[in-house]
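Visitor: sequence first, predicted coordinates after that:
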Amino acid sequence: MTRIHQGHLAMLLFSALIAGSFSLGSMSANALEPTALNAARFMLAGVLIGALVIWRGALRLAYFRATWRYALLGGLFAVYFVLMFEGLKTADPVSMAAVFTLTPILSAGFGWLLLRQITTWRIASALLIGGSGAIWVIFRAEISDLIAFRVGFGEMIYFIGCVAHAIYTPLVKKLNRGEPVVAFTFGMLVAGLIILIAWSADEMLATDWAALPPIVWITIVYTAVFASAATFLLLQFAALRLPASKVMAYTYLTPSWVILWEMALGNPAPRVLVLVGVAMTVLALLMLLRQEPSESS
């Protein structure tokens, strides 16, 4: 299996794992402040990744020099996750997942600005189709809402978080200086945790953690283990092997995964017209999976 194939496989798993945080997050977002919830999940994820770093013998001072890199990356992901849970207080999980699929377009732009990665006409066409499908889902297939540009507050606040996520992807490749993925991820997690603790100290101290509903703890554990520790590793792993636009292309699968999560949790599927937009995002993914001649190695 080539490095490129490894990157694609990592992002396929990434999309499956990340989708669960939308459905679970919507069930717990109003029970705990997003900053406090994400500080708890970063702490647990940091312990898990830290143990892996020690086990692999990757805890070397040389890997953690130029700490500003970790602060920048950790800050971007902290902003992304906080705004995600803030948006889930009012927005539908499928609609939020559709907003997430706008990140490949943003990521392609930042990939060019930071790395001068060129987007081909085929990739640009796929991004346009996927973005159009995402917008169709965000406006719930309501033409009148689209014309009037009636976007929910949750979707708007989450879009800002997605901009931070899109910047993060090419920055991983630009700022990595040969550090192992697991060490680089650990440094970013610790930096993000410090930022979140400083951001949410009052909320964390005021929270009666023992009295939180079980769904909050389920969300914290799931997001820490699967939607943080695992996906951080997968994203960093893939970002070192694929162009930024292709890494984020797998976000186009997120609405489909979220629909399956919602149905598994007993919620109804979206109406047929909304599913047209979801189908467009899947088509965009298939177009992006097609290998360029220059990517055959």
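Guide: Everything's here; your move.

Visitor: local confidence estimate at residue 244?
Guide: The model reports residue 244 with a pLDDT of 67.

Visitor: same deal with residue 95?
Guide: What the model reports for residue 95 is a pLDDT of 86.

Visitor: other SSEs contacting the one helix or strand it maps to?
Guide: Element membership for residue 95, per DSSP states H and E: helix 93-100. Here helix 93-100 touches helix 3-28, helix 68-87, helix 121-138, helix 153-175, helix 254-264, helix 272-289, going by 3 or more C-beta pairs under 8 Å, 6 or more residues apart in numbering; DSSP states H and E. All C-beta spots, glycine's among them, are computed from the backbone N, C-alpha and C.

Visitor: run through who's touching the last one.
Guide: Same thing as helix 272-289. 8, 94, 98, 101, 104, 122-123, 125-127, 129-137, 140-141, 245-246, 249-250, 252-253, 255-256, 259, 269-270 (C-beta atoms under 8 Å, 6 or more residues apart in numbering).

Visitor: now the buried members of those.
Guide: The neighbour-count test (16 or more other C-beta atoms under 10 Å) applied to the contacts of helix 272-289 identifies 8, 94, 98, 101, 104, 123, 126-127, 129-131, 133-137, 140-141, 245-246, 249-250, 252-253, 255-256, 259, 270 as buried.

Visitor: residues contacting the closest residue to residue 185 other than its chain neighbours?
Guide: Nearest residue to residue 185, sequence neighbours excluded (C-beta to C-beta, 6 or more residues apart in numbering): residue 232, at 4.7 Å. Listed by C-beta under 8 Å, 6+ apart, the contact set of residue 232 reads 45, 49, 77, 185, 188, 189.

Visitor: pLDDT score for residue 232?
Guide: pLDDT recorded at residue 232 is 76.

Visitor: where's it relative to residue 81, distance?
Guide: Going from residue 232 to residue 81 by C-beta to C-beta, to the nearest Å gives 11 Å.

Visitor: cool, and residue 50?
Guide: 19 Å.

Visitor: does residue 43 touch residue 194 like I think?
Guide: No. Counting by C-beta atoms under 8 Å, residue 43 sits too far from residue 194 to count as a contact (10.5 Å).

Visitor: give me the common contacts of the two.
Guide: Residues touching both residue 43 and residue 194 by C-beta under 8 Å, 6+ apart: none at all.

Visitor: rank the helices and strands of the chain by mean pLDDT and give me the bottom one.
Guide: Each helix and strand of the chain was given a mean pLDDT (mean pLDDT, DSSP states H and E); the minimum falls on helix 244-249 at a mean of 69.

Visitor: which of residue 50 and residue 81 has more residues huddled nearby?
Guide: The neighbour comparison of residue 50 against residue 81 (other C-beta atoms under 10 Å) goes to residue 81, with 27 against 16.

Visitor: tally of neighbours for the nearest residue to the more buried one once chain neighbours are set aside?
Guide: Spatially, and ignoring its direct neighbours in sequence, residue 81 is nearest to residue 38 (4.7 Å; C-beta to C-beta, 6+ apart). Close neighbours of residue 38, defined as other C-beta under 10 Å, add up to 30.

Visitor: below-threshold pLDDT in the stretch 1-150 of the chain: ranges please.
Guide: 117-119, 140, 146, 148-149 (pLDDT under 70).

Visitor: mind running it again at 90?
Guide: 1-19, 52, 56-66, 92-150 (pLDDT under 90).

Visitor: now the stretch 151-297 of the chain
Guide: Across the stretch 151-297 of the chain, the ranges flagged by pLDDT under 90 are 151-152, 165-166, 168-174, 176-182, 185, 227-297.

Visitor: try it again at 80.
Guide: Within the stretch 151-297 of the chain, the ranges that satisfy pLDDT under 80 run 151, 169, 228, 232, 235-236, 239, 243-252, 269-271, 285, 288-297.

Visitor: burial measure for the nearest residue to residue 173 once chain neighbours are set aside, as a count.
Guide: Once flanking residues are discounted, residue 173 sits nearest to residue 239: 5.5 Å by C-beta to C-beta, 6+ apart. Counted by other C-beta under 10 Å, the residues lying close to residue 239 total 26.
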